[in-house]
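Visitor: Fold the following, please.
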Amino acid sequence: MVMYISLFSGGISSFESTCRLLDEFPNETRIWFFDTKIEDQDTYRFIKDCEVFFNMKIEIYSDGRNPWQVFRDERYIGNSRITPCNKLLKRRVLENKLHEEEFDNERIILVFGISGDEDYRGKRISEGWRRKNIYTKFPLLENPIYYGQGYEEFERKYNLISPRLYKLGFKHNNCGGACVKAGIKQWTHLYDNFPNIYLWHEEQEKITRQLLQKDVSILRDRNGGITKPLTLEALRRRIE
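Guide: Numbering: from 1, shown residues only. Take a look at the predicted model:
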């Protein structure tokens with residue numbers, strides 16, 4: 001029997017993707033969520049609401065570390081180009097779980113909730129997993145739907161409360177709004193909405209820089225035509 005594994009991110013796109021999957025393959029579907037340990041607290045509420053809606057348990061797995069612990073272990077701070085956190089906290093945990101369950105790769109289909117505005121990612125993801133003899137499926141690319149930040153439409157359609165980050169203007173509901181792939185604009189938005197969370201990340205970056213003894217940071221300052229590291233502390237002072 002083919003097993004479909006919906007990779008649930010905690011956002012409304014992966015919710016929609018999972019809904020379509022369950023409509024088509026209700027008895028061959030499992031739902032997996034990979035916890036980075038820095039998720040927004042409301043994400044866990046949303047997961048519980050989704051379990052009730054799906055009438056199915058969402059299985060939560062974790063490496064046990066958060067991204068900053070990964071950066072220190074790997075001696076590299078993630079950024080918009082390279083994300084060791086995604087590699088180790090999501091992809092590696094997924095691969096280990098597949099191995100642990102002793103799945104036949106040829107009978108596994110990984111299902112991603114990539115929305116219509118991210119179709120460029122689908123081909124790259126598909127090719128990567130095919131090298132491991134694993135197939136992929138992208139329900140929202142097969143029949144695109146664009147929620148974007150239109151969470152009101154989502155709430156009307158499913159009678160569910162969407163994750164609060166959408167209502168606060170964040171594009172995605174992952175990593176508590178503190179994704180290292182985000183730019184200056186989103187980190188500024190994080191500071192405006194959750195200053196204490198921003199300050200925690202600022203402190204973690206400072207600790208990591210001291211450990212590495214290098215002038216490295218998540219963000220880059222390109223003012224004046226010269227690219228140089230921009231620490232979260234420096235960005236906060238600029239905002240203030």
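Visitor: Give me the pLDDT value at the residue nearest to the spatial centre of the chain.
Guide: With distances taken as Cα atoms, centre = their mean, the residue of the chain nearest its centroid is Asn174 (4.3 Å). In this prediction, Asn174 carries a pLDDT score of 91.
Visitor: One more: Glu153?
Guide: So Glu153 comes in at 85 (pLDDT).
Visitor: For the helix or strand hosting it, name the packing helices and strands.
Guide: Using DSSP states H and E, Glu153 falls within helix 151-158. Contacts defined by 3 or more Cβ pairs under 8 Å, 6 or more residues apart in numbering; DSSP states H and E place helix 151-158 against helix 12-24. Any C-beta I mention is one placed from the backbone N, CA and C, and that applies to glycine too.
Visitor: switch the cut-off to 6 Å
Guide: Taking 3 or more Cβ pairs under 6 Å, 6 or more residues apart in numbering; DSSP states H and E as contact, there are no helices or strands that helix 151-158 lies on.
Visitor: For the residue nearest to the centre of the chain, what are phi and psi?
Guide: Here is the backbone geometry of Asn174 (degrees, to the nearest 10): phi -140, psi 150.
Visitor: Please name the nearest non-neighbouring residue to it.
Guide: Ser9 (5.7 Å; Cβ to Cβ, 6 or more residues apart in numbering).
Visitor: do you know how far that neighbour is from Glu74?
Guide: Counting by Cβ to Cβ, to the nearest Å, the gap from Ser9 to Glu74 is 22 Å.
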